[in-house]
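A.B. asks: Would you be able to build a 3D model of this:
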Amino acid sequence: MTDSHGEFDAIFAELARRARPGRFEPNVDVALSADDETILVTVEIAGAEPAELRIMVEERHLYILGRRVDRERTGRGTLLMKEIDYGEFGKKIHLPVPVAYEDATAHYRDGMLTISLPVSRDALLPRHRTEIRMTVRRIHA
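C.D. replies: Predicted structure coming up:
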């Protein structure tokens, strides 16, 4: 286990342990494309800023971290019902097959983050966690 591997485990574990208001896990759908060549991950995170999203891959796990801020809270009056989660979020997803993480893409549209992970042809797994360096762009309808 490398130092960076242990550091990321510690960071993710700390985020998962935090028992404070606003910490949540977003809803996620994971699908295999019809041609069996791409894993498609769709994450429901309306209100998150694309620049604050972090997406990482380690072997057969995908990590999604970010934050959703309640910008409209002030001036709303007394809260009578609360079902929408705000604050930091994190999701760890087991991937059913090895992926070619270097060719991954992501886009954010209408509150949905979609990550496309090509299925690896050589099935060689990275030996360490790799942050996917990509720009998540907001797509306007």
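A.B. asks: what's around residue 100, how many residues?
C.D. replies: As a burial measure, residue 100 scores 17 neighbours (other CB atoms under 10 Å). To be clear about C-beta, it is placed using only N, CA and C from the backbone, and glycine gets the same treatment.
A.B. asks: now do residue 38
C.D. replies: For residue 38, the count of nearby residues is 20 (other CB under 10 Å).
A.B. asks: pretty sure it is touching residue 118, no?
C.D. replies: Yes - between residue 38 and residue 118 there is a contact under CB atoms under 8 Å: 5.5 Å.
A.B. asks: any shared contact partners between those two?
C.D. replies: With CB atoms under 8 Å, 6 or more residues apart in numbering applied, the contact sets of residue 38 and residue 118 do not overlap.
A.B. asks: which residues in this structure form helices?
C.D. replies: 3-17 (DSSP state H).
A.B. asks: Do a quick rundown of the strands in it.
C.D. replies: All strands of the chain, identified by DSSP state E, fall at 27-32, 38-44, 54-58, 61-68, 87-94, 105-109, 112-118, 130-131, 137-138.
A.B. asks: weakest of the ones you listed by average pLDDT?
C.D. replies: Mean pLDDT values for those show the minimum at strand 130-131, a mean of 56.
A.B. asks: need the contact list for residue 63.
C.D. replies: Going by CB under 8 Å, 6+ apart, residue 63 touches 12, 54, 55, 56, 57, 90, 91, 92, 93, 129.
A.B. asks: By neighbour count, which of these wins?
C.D. replies: That'd be residue 57 among the contacts of residue 63, by other CB under 10 Å, with 24 neighbours.
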